[in-house]
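# no sequence on this one, just coordinates:
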């Protein structure tokens, strides 16, 4: 992982406006890969930046944002850690 890139990503998140509660709530119904892409775009972070922070390539990182790719939870947790977020699961409404 590149410490400089991680610091730049975290700085961008801390200095950008927060996502509205309505937007966050609407995203809850989306698959995790799509949530990740929307959050990344909101904070104007590129796939290449996150890939560099993770020590991988943009091409490999892009798979995490593909809802048809079956990534391991630990990969999403690594991205969440860099972005100072967490991965959470919601049970469906019955």
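Everything's here; your move. Keep in mind it's a predicted model, so treat the numbers as computed, not measured. Residues are numbered from 1 along each chain as shown.
# Enumerate every residue touching residue 39.
19, 27, 83, 85 (Cβ atoms under 8 Å, 6 or more residues apart in numbering). For the C-beta atoms, the positions are set from N, CA and C on the backbone; glycine is no exception.
# likewise residue 66?
Taking Cβ under 8 Å, 6+ apart, one finds residue 33 in contact with residue 66.
# any idea how far residue 61 is from the nearest residue to residue 38 once chain neighbours are set aside?
Among residues not flanking residue 38 along the chain, residue 27 sits closest, at 6.0 Å (Cβ to Cβ, 6 or more residues apart in numbering). Look at residue 27 and residue 61: by Cβ to Cβ, to the nearest Å, they are 20 Å apart.
# Which one's more surrounded, these two?
Legend: neighbour count by other Cβ atoms under 10 Å for residue 27 and residue 61, higher for residue 61 (22 against 15).
# mind checking how far residue 11 is from residue 83?
With distances taken as Cβ to Cβ, residue 11 is found 12 Å from residue 83.
# Between these two, point out the one with more neighbours.
Neighbours were counted for residue 11 and for residue 83 using other Cβ under 10 Å; residue 83 has more, 20 against 10.
# Identify the residue spatially nearest to residue 57, adjacent ones excluded.
In space, and not counting its chain neighbours, residue 57 is closest to residue 51: 5.6 Å by Cβ to Cβ, 6+ apart.
# sorry, back to before: now do the residue nearest to residue 38, the pLDDT please.
Per-residue confidence for residue 27 comes out at a pLDDT of 86.
# Kindly report the same for residue 30.
pLDDT, read off for residue 30, is 89.
# swap in residue 36?
Per-residue confidence (pLDDT) for residue 36: 93.
# Can you tell me the number of residues neighbouring it?
23.
# cool, the one 5 residues further on as well?
Neighbour count for residue 41, taken as other Cβ under 10 Å: 12.
# element containing it, please.
helix 32-42 (DSSP states H and E).
# Please work out the average pLDDT along whichever helix or strand comes after that helix.
Following helix 32-42 in sequence order, the next helix or strand is helix 47-54 (DSSP H and E). The pLDDT scores in helix 47-54 average 96.
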